[in-house]
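S.K.: for reference, the sequence and a predicted model appear below.
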Amino acid sequence: MSTSINDLAQPIGAPVPGWTPRPQPTGVTLAGRHCLLEPLQAERHAADLDAAYRLAPDPRAWTYMFTGPFDTPQDYLRYAQGAAQSTDPRHFAVVDRTTGKAVGTLALMRIDPTHGVIEVGNVMLSPLLQQTPASTEAQFLLMAYVFDTLGYRRYEWKCDSLNAPSRRTAARLGFQFEGIFRQAVVYKGRNRDTAWFSVIDTEWPLLRQAFEAWLSDDNQDAQGRQRRSLTQVRESLPR
């Protein structure tokens, strides 16, 4: 973003004319072709989520999460009951439109309406959702809600700097890497250096176009697989 010079010959940030604090996200349902994002409801979603997570051959997906793994379905239900009451983070269940079952979760968190900054986090995808069009669509739906409906300026992704899959996912989705915050968090009794990524509002129109093209029928072969990767689609678009 450009800078200006004030009357004291100091560089200052560019004006943001007409800026007002943004609305808080609400418990909306967001509909896509492959999935729905529904406000997390423990009684509606917890059993399906727990069953889906237990399809994984081991608990490695929980290693970099602040919570879990959960020993029993009742343990997960209690966690989901608490999470469903929270407004920051505000948790959403990812529901497969074919089966009607919840297969993953993600959340909007560290919500700062004054400055228009928000983070997507608590991303937990079951084997039924991982590496599917629905997993990408879920991220797209939430990003579109933040930028297009709520009008936020900055959308963040943070993860343990050692979490290579999360860092690859952030890059694939179009987030820009910003650096490492050393000794940022203590969780599960260990240190976390946090990797920071972001998308800002001026980058969003190109990313939206890429998501829409990647999810379109034109990008699917006879087996329903995407012909080009999201990165290839994004890099092919005029800037």
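M.R.: Looks like it came in fine. Residues are numbered from 1 along each chain as shown.
S.K.: and the gap between residue 213 and residue 232?
M.R.: Residue 213 sits at a distance of 10 Å from residue 232 (criterion: CB to CB, to the nearest Å). The C-beta positions use only the backbone N, C-alpha and C, and glycine is treated the same way.
S.K.: ok, now residue 222?
M.R.: Using CB to CB, we find residue 222 at a distance of 19 Å from residue 232.
S.K.: just residue 55 next, same as before
M.R.: 30 Å.
S.K.: so these two - more neighbours on which side?
M.R.: residue 232 (13 against 10; other CB atoms under 10 Å).
S.K.: residue contacts, residue 129?
M.R.: By CB atoms under 8 Å, 6 or more residues apart in numbering, the contact list for residue 129 reads 52, 94, 96, 103, 104, 135, 138.
S.K.: again, 7 Å this time
M.R.: Shown in contact with residue 129 (CB atoms under 7 Å, 6 or more residues apart in numbering): 94, 103, 104, 135.
S.K.: and what of residue 112?
M.R.: Counting by CB under 7 Å, 6+ apart, the residues that residue 112 touches are residue 118.
S.K.: start the count at 237 instead of 1 going forward.
M.R.: OK, 237 is where the count begins now, so the last one is residue 348.
S.K.: run through the bridge partners of it.
M.R.: residue 353 (DSSP bridges).
S.K.: repeat for residue 327
M.R.: Applying DSSP bridges to residue 327, the residues it is bridged with are residue 343.
S.K.: can you pull the pLDDT of it?
M.R.: At residue 327, the predicted lDDT confidence score is 98.
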